[in-house]
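**Student:** I'd like to go over a predicted model; first the sequence, then the structure.
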Amino acid sequence: MQKKFYITELHLGDDGLEDTTDYAGPFTLIKARRVLERMFKYPGAFINPYNYAIKGPVHEVEAVGGDHTYKSPWYSSVDKDRL
């Protein structure tokens, strides 16, 4: 597996996503998911874990309705097989 995945801080404003900052990485996708899961379980005093996501290479994502796909650099924090 290649280390191409980052824990990315999302800077949200009134109009949505305004900027991002890579917080940690690069990791494999499995390791990035473990790191983000740990952040959700044990958030620090000044960290809102919901402001973080996994960013990696652009890939095809199936839409929620399943009727189309789109390209995105964002990855789920949970493996689809675990849902």
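**Tutor:** Right, received. Where do you want to start?
**Student:** Helices of the chain, start to end?
**Tutor:** Along the chain, counting by DSSP state H, helices occupy 29-41.
**Student:** Point out where it drops to low pLDDT.
**Tutor:** Residue ranges of the chain with pLDDT under 70: 81-83.
**Student:** run the last query once more with 80
**Tutor:** Applying pLDDT under 80 to the chain flags the ranges 1, 44-46, 79-83.
**Student:** ok, the closest residue to residue 74 other than its chain neighbours - contacts?
**Tutor:** Among residues not flanking residue 74 along the chain, residue 53 sits closest, at 5.6 Å (CB to CB, 6 or more residues apart in numbering). Any C-beta I mention is one placed from the backbone N, CA and C, and that applies to glycine too. Contacts here follow CB atoms under 8 Å, 6 or more residues apart in numbering; on that basis residue 53 touches 7-8, 10, 36, 74-75, 77.
**Student:** Neighbour-wise, give me the winner out of those residues.
**Tutor:** For the contacts of residue 53, the largest number of neighbours (other CB atoms under 10 Å) sits with residue 36, at 24 neighbours.
**Student:** Okay, the spatially closest residue to it that is not a sequence neighbour and residue 52: tell me how far apart.
**Tutor:** Spatially, and ignoring its direct neighbours in sequence, residue 36 is nearest to residue 77 (4.8 Å; CB to CB, 6+ apart). Using CB to CB, to the nearest Å, residue 77 is found at 9 Å from residue 52.
**Student:** what does stretch 9-27 contact?
**Tutor:** So stretch 9-27 is contacted by 3-8, 32, 35, 51-53, 55 (CB under 8 Å, 6+ apart).
**Student:** Can you pull up the most central residue in the protein?
**Tutor:** Computing the C-alpha centroid of the chain and ranking residues by CA atoms, centre = their mean puts residue 54 first, at 2.1 Å.
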